[in-house]
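1. Predicted structure and sequence below. I'll ask about it afterward.
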Amino acid sequence: MEKSYRRVMTIAGSDPSGGAGVQADIKTISALGCFATSAIVAVVDENTVGVTGVHPVPAPFVVGQIHSILDDIGTDAVKIGMLHSSELIRSVRRTLDEYPSVRDIVLDPVMVATSGDPLLESDAVSTLRGILLPRARVITPNIPEAELLLGAKITDADQLPDAARDLARLGPSVLLKAGHLADTEVADSAELLTDYFYNSETGTLTPLTAPRVATRNTHGTGCTLSSALASYLALGQPLDRAAASAKAYIAAAIAAGARYRIGRGHGPVHHFHALWP
């Protein structure tokens, strides 16, 4: 009897340095035992030091890629990364609505660069909030992205549970990442870092804690976490367990990647840490 793959489609931009974007997504999905497909929304000129340029792919061509994948291979889950314009956000939403059976959608709302500069104009942020978030099952914002979505500052770790609940009022469940807040508060490598997962389907809040690793190799952590969550959903894990599994995977990938040196800037995590040291 022929076997069937568990399939995950990523809709995201490329990263030629291999640490983030579609490349990181494909590595993560493959490492977790799923079959990766991709619709590329932008070709990015970047490395571990920074981004030099972005060449957007026209929205109709992105839509064509999504149709080509879903009409032939299909998918068990979808991960969505940065969408650079309101037009593209609306196009992706309309296209996914043509496939109502595709329910496990994980949206990484990439809106803020590592430098703190916004990557989307205000109208695109509004479009993302109002058009695409309600179609996602889970979103995985960091602190700056959560602030943009909520229109409020998050300055203390005690605010994170309520922030996760408030974000869930936009529609999806929320895995709120605490890394940016911890970076500004504590430099102790032994600190325990706690993210919060709010399951909007059950109304339950779960703290997800792991040791904070002192490392420069954090390029692509958000891409990797969201792809891991999509992969575990594709593998059939319940939502709470999939969030916890994704947190455990990225924590282990960061810890293993800290032992390596690659590039002159912020290197990647070790996506295949479970397969080779």
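-> Arrived safely.
2. residue boundaries of the strands in the stretch 101-250 of the chain?
-> Taking DSSP state E, counting those that start in this stretch to define them, one finds strands in the stretch 101-250 of the chain at 105-107, 138-139, 173-176, 192-199, 204-211.
3. Need the contact partners of the third one.
-> To tie it back to what came earlier, the one meant is strand 173-176. Outside strand 173-176, the residues within contact range by C-beta atoms under 8 Å, 6 or more residues apart in numbering are 137-141, 143, 146, 160, 163-165, 167-168, 195-201, 208, 225, 229, 239, 243, 246-247. Backbone N, C-alpha and C define where each C-beta goes, glycine included.
4. that older thread, kindly reformat the strands of the stretch 101-250 of the chain as JSON lines and extend each row with mean neighbour count.
-> Formatted as JSON lines, the strands of the stretch 101-250 of the chain follow (neighbours: other C-beta atoms under 10 Å):
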{"stretch": "strand 105-107", "mean neighbour count": "27"}
{"stretch": "strand 138-139", "mean neighbour count": "28"}
{"stretch": "strand 173-176", "mean neighbour count": "27"}
{"stretch": "strand 192-199", "mean neighbour count": "20"}
{"stretch": "strand 204-211", "mean neighbour count": "15"}
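5. and Ser14, which of those is closest to it?
-> Nearest to Ser14, of all the strands of the stretch 101-250 of the chain, is strand 105-107, at 18.4 Å by C-beta to C-beta.
6. and His273, how many residues sit next to it?
-> 17 (other C-beta atoms under 10 Å).
7. again but with Ile29, I slipped
-> When neighbours are counted by other C-beta under 10 Å, Ile29 comes out with 27.
8. swap in Lys153?
-> Residues near Lys153, counting by other C-beta under 10 Å: 11.
9. Could you check the pLDDT of the residue nearest to it when sequence neighbours are not counted?
-> With sequence-adjacent residues excluded and distances taken as C-beta to C-beta, 6 or more residues apart in numbering, Lys153 is closest to Glu147, at 5.8 Å. At Glu147, the model reports a pLDDT of 92.
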